[in-house]
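> No letters, just coordinates:
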C-alpha cells in the first residue's frame, strides 16, 4: 500500500534551487533508500515531507490524501516522524523523559511516569539493549543520542518514519542493531525512508532505492526486482555532468612543498591524515559528505586547540593550535558555513573585510581607515561583489556576494596556503565562476597553493591537480591526472573499488 | 553501592555537606541553637528568603531570572495592609484574595515579557520592578497600613489571643513559618509531577528543542513566573503577620539574596537544572552563614565582607563543579 | 568614487544603525514637549542643562556597561557602583580638600579600578562564570570592604578643588561635567570603531566563532573590556566625589541599574556586538528627562517609578523583543 507519494516537488532557497523535481514513493512495510550527494536534494525532500519546509510546487500525498504540514509537529501528529541529524534532545532531561517529551500520558493532572518508563524501556530494548534510561541526555555519546532520537520518533507510532543519515554517528554494531529494528518495524507495516552515504548500508537494509542528483531523481532501483548491483547505482549518480568551464592551472605545480602535514589526529573526526601540498597546486579533498573534510580544513586553520599533528609550512614548524598562528603563517581559511563561521551578518562589508587584519601582529593601534577602504574597494571590484557600498550590512547581500566577501577578506594578505571549505556552496553560477576564476588567477600569478573541499564533484574535477578522497576521517586514496573524473571519484568515495 | 557512589558524585551531595557543616558551626557558636524556642526564631528569620529562593529557582530553571521579586514582595505587603481594616476581621480574607490576584497578575506580566515578547529577563524584570515599586509607593508612601489581628497567625500563633488552644498547642511543634514553607513545598511537589513541571525543565534546558517537541514554551515560562509569584505571596503573608504593616522598600535587599540562595542550592543560571527543594537548602545555608558570622563575633564591619566572600565562594565552587563534571552538550538550541 | 560620494554613501549605509538613535532623540524631544505643555518652565534652558548634568553621570556609568555588553556572552557589570564608591571613600581622605595630592588620588583610583576590573575579567572571560554573578558578588565584596574601612573611622576628606570644579561647578551657564562628557564621547567612539581592539570586541560580541577564526583572542578581548569598565568606574568615582563634596557609602549604588537601562534604551544589545555611545548618552538623557517630567507633574515618588517602569517596559517591547520568526 502506498503510504506516501511525493511528485514534482520544487524548492528554492533564496536564489538557489535545492530541489527542481523531487519524486519519491514509500510503501507500507518497505524500506526506501534515498541516495545522493550533499546538495542533491534528498534531505530537502525529506524535510518537506516531514513539515520542516514548505514546497514551492508539487504535491505530497500521505495515505492517499494531499497534505502540506506547517511544522514537524503537525506531521508527527498525522503519523509522519522524522529523525534529524542535528539533535533535538533536551540535555538535562533523562533518556526516558526525552523519548516521551511532548507526548506524555497523564493520569489526572499527574504524569504517568511508570508508563513512560515502561514504553521507553520497551523501545530501547529493541534498539540498544542495556542503555540506562535514567541517564541524562547530555551524558550520552553521539551514537546513543542518535538512538534515543530514533526511539523518540518511534514512540509516536508513526505510519512513515523518515531517517535522515541516522547511521552517521553510529558504530557498526549499533548500525546492525538499528537495522534489525527497522526490519521489525517494517514487518509491522511501517513505511521507512532511509538516507545514508554508506553504500553497503543502503544495499543491506533497503528494499528499493531512489537516487538523487542536482535536485532531481535520476533513477530508481527496486532491489527485489533488479537485484543489488553497486555499479548500477554509481552509474546512476554519475550521469551527465554540466560543465562550468574554468581554466585549470596550465603549468604543472612545482616540486616545492608549501605545506606538509603528518599524522593529524583530532578526536573522532580525523584519524592519521598525512599529505604534502606542493606550491602552486590545487589539492582537492573529496569523498562523501561528512567524512571529515570540513574538520580537516578547520584543523589546518588552527581552529582546534587540541589537535595532534606535525605540520610544516614552507619548511618551518607550525603549531596549529590557534587560528592566529595559522594566519601568521599565511594559511588562510575561507570557512564553509559563512553565516556561522565567516561573517558578522549585522556588520558592514567593510568591517567584515578588514576583520582578519586585526589578528595580525604588528598592526597599528588605530586602523588606517583610508588605506583599508582603498583595499576593500579594490577587492569589491576584483571579485565583482554586488553591493550598494562598503557600509551596507552583509546580510543585505545575496549568498553569492556574501561568499565573495568572505573570500575577499584575504585578498590583501599574502596568502601562501588558501583553505577553501566548500566556497561555492549556495552560490549562483555567475558568482561561482567569478570565484573560481579569481582563485585560479591567484594560483597562477602568485603561486598560492590551495586546498579545496567542494561538496559538488564537478568543482573538484574542474579545478584540482590532485585529489585526496576521505572516508571516515582518513585519506583512503589519492587521485591524479585522468583519474580525476566523476565516476572514479564516486566509486572510490563509496569504496566500491 | 553503585547508587551510593553516584549520589556522592552529584553536586547535591556537596551542598548537603555544606549545610551539615554550617549547622554544626552554628550549634557550636550558639549554645542553644537546637532548642525549640531559638530554632523557632531562627526559622522565622529564614522563612522569607526560603520562600523567595524557591520561587526564584522555578523562574531560573525555566530559563529566566526575576529581578523584580523584592519589589513584588513589597507591593504585596502594601496591598495587604491597604485592603485590611483593623476593625473588621473579614477584610483579612478580602486582602488575601486581592493580594493573590495582584501576585498572579505580576507573574503574568513578567511571563508575557519573558516568554511571549522574548525580552531578556534581566532587563524585563528590572523594568517591572519599578512598576511594582511605583504601585507600592502609591498605596503606601510611607510604611504603615493596617492589619487585622488574626493575621498574626501567619507569624506567631501565641501572639493572637483569640487562637483556639488546640492550634496554640500545635504551633509549638509546627510554627506558622514552617507551615508556610510546607505549603510552598507541597505546591511545588504537586506541580513538579505535572506536565508543566516537566516542561519547565525542558524549556530551560533547551528552548528550541522543547519548542520543536511541540511544547508551548512561552506559556510554560509564563506559568513559571506565576508560580514564583505564589511563593512571593506566601512570603508577603508572613511579613505582614510579623510586622503588621506594609513597606514599599522592604523587599529590595532580598532579590539578589534569593538569586544567590538559588545558585548556592545548585540551580544553574543557564536553566534546566537544579531542584527547588535544594534552593530551600541554599537559602538555609546562606542564612546560616549570616548567623554564624554574627555569632562568631566577627566585628560588625567585617560581616558584609565575609558574607560576600562566602557567597562568591559558594557560588563559584558550585558553578565550577557543575561545569567541570558535565560533558558539554547543546544548550539553548545551539550546538557546542 | 570621490570623497563626497563616499561620504554620502557612508551616510546612507549607516542610516539603518542610526534609526535607534533617531528614535531615542525623538523620544526625548517628545518628553520635553510634553513637559512644557503640562508644566510650565519645564523646558527652560536651565532645566535642560540640569537634566544633562544629572544624566551625564548615568551616561558615564553607561559607558562601562556598553563596553562589557559589546563583547557578548551576556556581559554586564554590576560592580561599577561600589567600585566608584570605594574610590571616592579612599581618595577623599587622601586629597583632603587640597590639590596637592590629586595625582596620588588618581593613581589610587586607577589601581582600584584595574584590580577590580581584572578580577571581574578573569572570572568572566577565562573561568567563564556568568558576568551577572561575578560582578554582583564583586559588588558585595567591595561593599564589604567599604564597610570595614568606614567602621574604624568616619569617612573624612573632601575632593580637591579641581575635581569639584570639574564635576559640580559650571563655566558660565554650562555644567563642566558636560565638557567632560564631550571629551570622553569622541575618544570612546574612536577607540571602539577605529582601533583593533574595539573592532575585535564588537566582532567577538556579534559572532564568537567568526571572530575566533579570524584570529582574535576572544577571551583576552573580553577580559580587557572588564578591566576598562572597572577603571572607568573608579575614575567616575572621583567625579562623583567632586560632585557631592564628600563621600558616603551609597554614593554609587543607585547608578548601576539606570546605567544598564540607559545602555539598552540607547540601542546597545545585551547579547553583544551592537552599540553606539551616542545612543547611551541619549538613553541616559531620556531616563533622566522622564524622571524629571514625572516629578514635575507632581506624581511624586510613586508616579515617578511607576511611569519609569511602564515606559521602560514599553520601550523594551519595541526595541528588544525578539519575536521568534517561524
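Yep, it's here. It should be emphasised that the depicted structure is a prediction, and the values quoted were computed from it without experimental measurement.
> What parts of the stretch 1-150 of chain A come near chain C?
Residues of the stretch 1-150 of chain A lying close to chain C by C-beta under 8 Å from any C-beta of the partner chain are residue A:71. Every C-beta, even on glycine, is put in place using the N, C-alpha and C of the backbone.
> For the stretch 1-150 of chain A, what lies in contact range of chain B?
Within reach of chain B by C-beta under 8 Å from any C-beta, the stretch 1-150 of chain A has these residues: A:72-73, A:76, A:86-93, A:97, A:101-104, A:106, A:109-111, A:137-139.
> Buried members of those residues into ChimeraX, please.
To isolate the buried members of the residues of the stretch 1-150 of chain A next to chain B in ChimeraX, using 16 or more other C-beta atoms under 10 Å in any protein chain shown:
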select /A:72,73,76,87,88,89,90,91,92,93,97,101,102,103,104,111,137,138,139
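> What count of nearby residues applies to residue C:259?
30 (other C-beta atoms under 10 Å in any protein chain shown).
> what are the phi and psi values for residue C:170?
When quoted as degrees, to the nearest 10, the phi and psi of residue C:170 stand at phi -130, psi 150.
> I figured it was touching residue C:179, is that so?
No: contact criterion C-beta atoms under 8 Å: residue C:170 and residue C:179 do not qualify, at 9.8 Å.
> List the contacts of residue A:263.
A:272, A:273, A:274, A:308, A:309, A:310 (C-beta atoms under 8 Å, 6 or more residues apart in numbering or on different chains).
> Sticking with it, tell me its helix or strand.
In the assignment (DSSP states H and E), residue A:263 maps to strand A:257-266.
> pLDDT weak spots in the stretch 51-200 of chain A?
Flagging of the stretch 51-200 of chain A using pLDDT under 70 yields the residue ranges A:85-87, A:168-169, A:197-198.
> Okay, helices next: where are they in it?
For the stretch 51-200 of chain A, the helices defined by DSSP state H, counting those that start in this stretch cover A:72-78, A:95-99, A:113-127, A:142-154, A:172-187, A:199-205.
> quick one: buried residues of the last one?
Think helix A:199-205. A:199, A:201, A:202, A:205.
> Indicate whether stretch B:60-76 makes contact with chain A.
No: using C-beta under 8 Å from any C-beta, stretch B:60-76 stays clear of chain A, with a minimum separation of 9.3 Å.
> one step back: wait, which of the helices of the stretch 51-200 of chain A is closest to residue A:62?
Across the helices of the stretch 51-200 of chain A, residue A:62 has its closest neighbour in helix A:72-78 (6.7 Å, C-beta to C-beta).
> List the ones among the residues of the stretch 1-150 of chain A next to chain B that fall in strands.
Here DSSP state E is the test, and these give A:106, A:110, A:111 as lying in strands.
> In CSV: those residues, plus distance to residue B:266.
Listed next are these as CSV, based on distance: C-beta to C-beta, whole Å:
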residue, distance to residue B:266
A:106, 28
A:110, 25
A:111, 23
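> Just the closest of those to chain B, please.
Chain B lies nearest to residue A:110 out of these, by C-beta to the nearest C-beta, at 4.6 Å.
> any idea how far residue A:419 lies from residue A:450?
8 Å (C-beta to C-beta, to the nearest Å).
> no no, residue A:269
For residue A:269, the distance to residue A:450 - C-beta to C-beta - is 22 Å.
> Residue C:297 now?
Noted for residue C:297: a distance of 69 Å to residue A:450, by C-beta to C-beta.
> and what of residue A:113?
For residue A:113 relative to residue A:450 (C-beta to C-beta), the value is 57 Å.
> of these two, who's got more company?
Comparing residue A:113 with residue A:450 by other C-beta under 10 Å, the one with more neighbours is residue A:450, at 26 against 17.
> Can you mark which positions in the longest helix along chain A are buried?
In chain A, assigned by DSSP state H, the helix with the most residues is helix A:429-446. For helix A:429-446, burial by neighbour count (16+ other C-beta under 10 Å) applies to A:431, A:432, A:433, A:434, A:435, A:436, A:438, A:439, A:440, A:442, A:443.
> between these, which is closest to residue A:19?
Looking across the buried residues of helix A:429-446 and measuring by C-beta to C-beta, the closest to residue A:19 is residue A:432, at 18.9 Å.
> related to what we said a few turns ago, format the buried residues of helix A:199-205 as TSV; extra columns: distance to chain B.
Shown next, in TSV, are these (distance: C-beta to the nearest C-beta, whole Å):
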residue	distance to chain B
A:199	28
A:201	25
A:202	27
A:205	27
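> Pick out the most distant pair among these.
A:199 and A:205 (11.6 Å).
> got a list of what residue C:91 touches?
With C-beta under 8 Å, 6+ apart, residue C:91 has these contacts: C:105, C:108, C:109, C:157, C:159, C:237, C:238, C:241.
> got CSV for those, with secondary structure, pLDDT and distance to residue B:156 too?
Shown next, in CSV, are the contacts of residue C:91 (DSSP: H, G, I helix; E, B strand; the rest coil; pLDDT from 0 to 100; distance: C-beta to C-beta, whole Å):
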residue, secondary structure, pLDDT, distance to residue B:156
C:105, helix, 89, 52
C:108, helix, 92, 51
C:109, helix, 93, 50
C:157, coil, 80, 47
C:159, coil, 79, 50
C:237, helix, 93, 45
C:238, helix, 91, 50
C:241, helix, 89, 46
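> Quick one: buried ones out of those?
For these, a burial check counting by 16+ other C-beta under 10 Å picks out C:105, C:108, C:109, C:157, C:159, C:237, C:238, C:241.
> what's near enough to touch the fourth one?
This means residue C:157. Residue C:157 touches C:91, C:92, C:93, C:94, C:95, C:96, C:97, C:246, C:247, counting by C-beta under 8 Å, 6+ apart.
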